[in-house]
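Asks: Quick one, structure for this:
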Amino acid sequence: MKMMFGFTNIYFLGNEHFEQQNWNKISFDLGGYENELVCNIHKSALAGLRGSNRTTCMLYCIGSGINEAKLHARSIARLLSFALDSHCYVSSFRTDDINVPAISQPTRGYAIQRNPVIDENDGKALKSFLTQTYEKYRQLCEVRSLDVVIELLNLADNKQPMELKLATVFILLENLKATYANEKGYIREKASYYKTEEDRRSGKRRLGFQKVLDNMFKDVGMTRNGNTLKDIVDLRNDIIHTAMSELSFETQWKRYVSCRNLIAEYLLRLLSYRGKFSLYDGSGITTKLIE
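Replies: Residues are numbered from 1 along each chain as shown. Have a look, this model is predicted:
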């Protein structure tokens, strides 16, 4: 059966030509399906879509199992939301079977990329990202609340005051911290964690917010984050407890950028991605390599 899913709010330049409509596409076998991801909008048209929701690409899947295919499509959409820094949702569904009703779904979000993690003009890179991360994403989606994390990452980039941007990424880090601690079997008591029940009873080796994050980053091979984490935690305490900071806007912006780069690299490593990714403040030019 051939199934077709409409995706909202994204643009990419595929590495293959789609003859019928002069569009471009990416083809890959994934999740038990033969997939074609077809972009039907030019980048220049994105400006007119800002703040609206429109189907901007289609995912064509050949395989069996409608419910499984719907979950497959939602997973692809969520990964694209992360990779392309845009609010990508499944907006429609239909099949080549006339006995299966077509479905239209309400969507929301912004139809423009701000700072994509994966270059939207490199179809091969986007295909590599999807094929590398898909299985790990499906494995960890629920246990690490990855849908929530990606949604918060996109929400933080919406037009809003800096304090709200920072508060959103701090909530995101709290979410990552909590799911990591739970996965590791840490014992929680109020705002602290302990690795063992004996530690909790004795009150020794208490793990605070910064220490749990440090362990979390080290688990995926990210080291030397001490000073960056301290700066982030200090600002997090100001924003969360007082809703304001005496730091300059420029300093707050730099720490917001640090947060986003840390989160992006962590998620990529968690999802077993290897390759280049774009730094948040690099305008798609400054990249980092995960080997």
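
Asks: excluding its backbone neighbours, what's nearest the spatially most central residue of the chain?
Replies: The centre of the chain sits closest to residue 82, judged by CA atoms, centre = their mean, with a distance of 2.9 Å. Excluding the flanking residues, the one nearest residue 82 by CB to CB, 6 or more residues apart in numbering is residue 150, at 4.7 Å. The C-beta positions use only the backbone N, C-alpha and C, and glycine is treated the same way.

Asks: residues contacting that neighbour?
Replies: The contact partners of residue 150, taken as CB atoms under 8 Å, 6 or more residues apart in numbering, are 78, 81-82, 267.

Asks: Check the gap between residue 147 and residue 72 for me.
Replies: From residue 147 across to residue 72, the span is 14 Å (CB to CB, to the nearest Å).

Asks: where does the chain have its least confident helix or strand?
Replies: strand 103-104 (a mean of 67; mean pLDDT, DSSP states H and E).

Asks: Tell me the first helix or strand C-terminal of the strand or helix carrying residue 261.
Replies: Following DSSP states H and E, one finds residue 261 within helix 249-270. Proceeding N to C from helix 249-270, the next assigned helix or strand is strand 275-278, under DSSP H and E.

Asks: Each with direction, which strands does the very next helix or strand once past that following strand pair with?
Replies: Per DSSP H and E, strand 275-278 leads on to strand 287-290 as the next helix or strand towards the C-terminus. The strands that strand 287-290 pairs with in its sheet are strand 275-278 (antiparallel) (by DSSP bridges).

Asks: got the CA positions of the partner strand in CSV?
Replies: The C-alpha trace of strand 275-278 is given here as CSV (Å, rounded to 0.1, in the frame of the first residue of the first chain):
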residue,chain,number,x,y,z
GLY,A,275,28.8,13.9,11.3
LYS,A,276,28.7,17.7,11.1
PHE,A,277,26.0,19.9,12.7
SER,A,278,25.5,23.6,12.6
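
Asks: from here on, count from 24
Replies: Noted, 24 is the first residue going forward, which turns the last one into strand 298-301.

Asks: How about residues contacting that strand?
Replies: For strand 298-301, using CB under 8 Å, 6+ apart, the contacting residues are 138-142, 148, 151-152, 155, 287-288, 291, 307-313.

Asks: Could you report the distance from residue 162 to residue 120?
Replies: Distance from residue 162 to residue 120, by CB to CB: 30 Å.

Asks: How about stretch 92-105, which residues are buried there?
Replies: 92-93, 95-96, 98-105 (16 or more other CB atoms under 10 Å).

Asks: Also stretch 300-314?
Replies: Buried, per 16+ other CB under 10 Å, within stretch 300-314: 300-303.

Asks: and which of the residues you listed is nearest residue 189?
Replies: residue 303 (13.7 Å; CB to CB).

Asks: Any regions of the stretch 124-273 of the chain where pLDDT drops low?
Replies: Applying pLDDT under 70 to the stretch 124-273 of the chain flags the ranges 124-136, 248-249, 264-267.

Asks: Just list the residues touching the nearest residue to residue 258 once chain neighbours are set aside, thanks.
Replies: The shortest distance from residue 258 to any non-neighbouring residue, by CB to CB, 6+ apart, is to residue 278 (5.2 Å). Contacts for residue 278 (CB under 8 Å, 6+ apart) come out as 189, 254-255, 258, 270.

Asks: Pull up the gap between residue 278 and residue 288, please.
Replies: Taking CB to CB, one finds residue 278 at 16 Å from residue 288.

Asks: repeat for residue 239
Replies: 12 Å.

Asks: before we move on, what about residue 84?
Replies: 30 Å.

Asks: Then residue 276?
Replies: For residue 276 relative to residue 288 (CB to CB), the value is 19 Å.
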